[in-house]
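# Just to be clear, the model below is a prediction. Sequence and coordinates:
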Amino acid sequence: MRGDVQSLRHDPSWLVTIRGNNKTLLPKQPLAGSGKSRLLLIKALKHAYQDPNFEGVMFRRTTGPLKGAGGLFTESKKLFRPLNPRIREKDMEIIFEGTNGGNLKYTHLEHENDAEGNH
């Protein structure tokens, strides 16, 4: 036990911390399907939706996690559809013209030389 924090090791995938009378159950590693990517998209939307100077870039290691089922670009199109953004499929870009907003671009960084060419 370190200070007033105690880790209980009954389940190796979860960490229970106790501080005083409060218990908190936290995953040791982020869980698949927990909404991390959706939260990232919503946070980007907050700025892209209304700021015409906003230019966001969403990265994944390869193109598959961007355009495949459940990928960032695929899910963005579904999530942002009610706002009627202009979607450029070939460039994987979503532009919020109708709301006087900025744009979001989706790209990969599989190789080191992709960093210069993809943005």
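Noted; the coordinates are in hand.

# Which residue is the nearest non-sequential neighbour of residue 44?
When the adjacent residues along the chain are set aside, residue 44 lies closest to residue 56, with 4.8 Å between them (C-beta to C-beta, 6 or more residues apart in numbering). For the C-beta atoms, the positions are set from N, CA and C on the backbone; glycine is no exception.

# How many neighbouring residues does that neighbour have?
Taking other C-beta atoms under 10 Å as the criterion, the count of residues near residue 56 is 18.

# low-scoring stretches of this structure, by residue?
Low-confidence segments of the chain, defined by pLDDT under 70, are located at 1-34, 111-119.

# Give me the longest helix you can find in the protein.
Ranked by number of residues, the top helix in the chain under DSSP state H is helix 36-48.

# Just after it, pick out the following helix or strand.
Following helix 36-48 in sequence order, the next helix or strand is strand 55-60 (DSSP states H and E).

# what's that next one packed up against?
For strand 55-60, the contact count by 3 or more C-beta pairs under 8 Å, 6 or more residues apart in numbering; DSSP states H and E identifies helix 36-48, helix 72-80, strand 103-108 as packing neighbours.

# Please tabulate these in JSON lines and include distance to residue 66 and mean neighbour count as additional columns.
Conversion of the helices and strands packed on strand 55-60 to JSON lines gives the following (distance: least, C-beta to C-beta, whole Å; neighbours: other C-beta atoms under 10 Å):
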{"stretch": "helix 36-48", "distance to residue 66": "11", "mean neighbour count": "15"}
{"stretch": "helix 72-80", "distance to residue 66": "5", "mean neighbour count": "18"}
{"stretch": "strand 103-108", "distance to residue 66": "5", "mean neighbour count": "20"}
